[in-house]
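# need coordinates for the below:
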Amino acid sequence: MANQEVFFDETNLSSFTGKPGEEIILPLKYNSSDGLTTTGLGVNVYYDSSLLTLVAVDDQLTAMVVSNTFGQDLADETNKDSDDSTDKYVNLSWADFVGNWAGGTDPHTLANLKFKIAE
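Okay, here's the model as predicted:
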């Protein structure tokens, strides 16, 4: 059975100091162990808004239907991620009605999320 993995590429973290006001771009990646295509994906990214502000969602991977909730300032009111330290989230979605999305064995960059450290 194939595994699907969504993860942040942490390469940029090596030069990140975490100073107030500093911004960092975290590439959100997707990989399928069997390399087969799929009909789409939906991902919620949760964060602590007392520490981070989401300032941009850029370069979202193309698909027949692409959407995100950036700018809607969604609150994690029901603790959907079971993590009391997070209070906000952004949803990102991709759909391909013929099931021909994100194939191959190399990871795809789903989007680049830019966060700013709280001041």
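
# use CA for all of it now, contacts and neighbours both
Fine.

# host element of S67?
strand 65-68 (DSSP states H and E).

# now the strands for the protein?
Assigned by DSSP state E, the chain shows strands spanning 4-8, 23-32, 40-47, 52-58, 65-68, 74-75, 88-95, 108-117.

# so what's the most centrally placed residue in the chain bridging to?
What sits nearest the mean C-alpha location of the chain, by Cα atoms, centre = their mean, is L28, with 4.6 Å. Taking DSSP bridges as the rule, L28 bridges to F8, A111.

# ok so, going back, can you tell which of the strands of the chain is closest to D81?
strand 40-47 (7.4 Å; Cα to Cα).

# and the closest one, what does it pack against?
In terms of contacts (3 or more Cα pairs under 8 Å, 6 or more residues apart in numbering; DSSP states H and E), strand 40-47 is packed against strand 88-95.

# which elements pack onto the strand it packs on?
Using 3+ Cα pairs under 8 Å, 6+ apart: strand 88-95 touches strand 40-47, strand 65-68, strand 74-75.

# tell me who's in contact with S33.
Contact analysis of S33 by Cα atoms under 8 Å, 6 or more residues apart in numbering lists A2, N3, Q4, T105.

# compare these and tell me which is most surrounded.
Neighbour counts for the contacts of S33 (other Cα atoms under 10 Å) peak at T105, which has 13 neighbours.

# for that one, report the pLDDT, please.
On the pLDDT scale, T105 is placed at 89.

# how much space separates the residue nearest to it when sequence neighbours are not counted from V98?
Once flanking residues are discounted, T105 sits nearest to G35: 4.4 Å by Cα to Cα, 6 or more residues apart in numbering. Separation of G35 from V98 (Cα to Cα, to the nearest Å): 16 Å.
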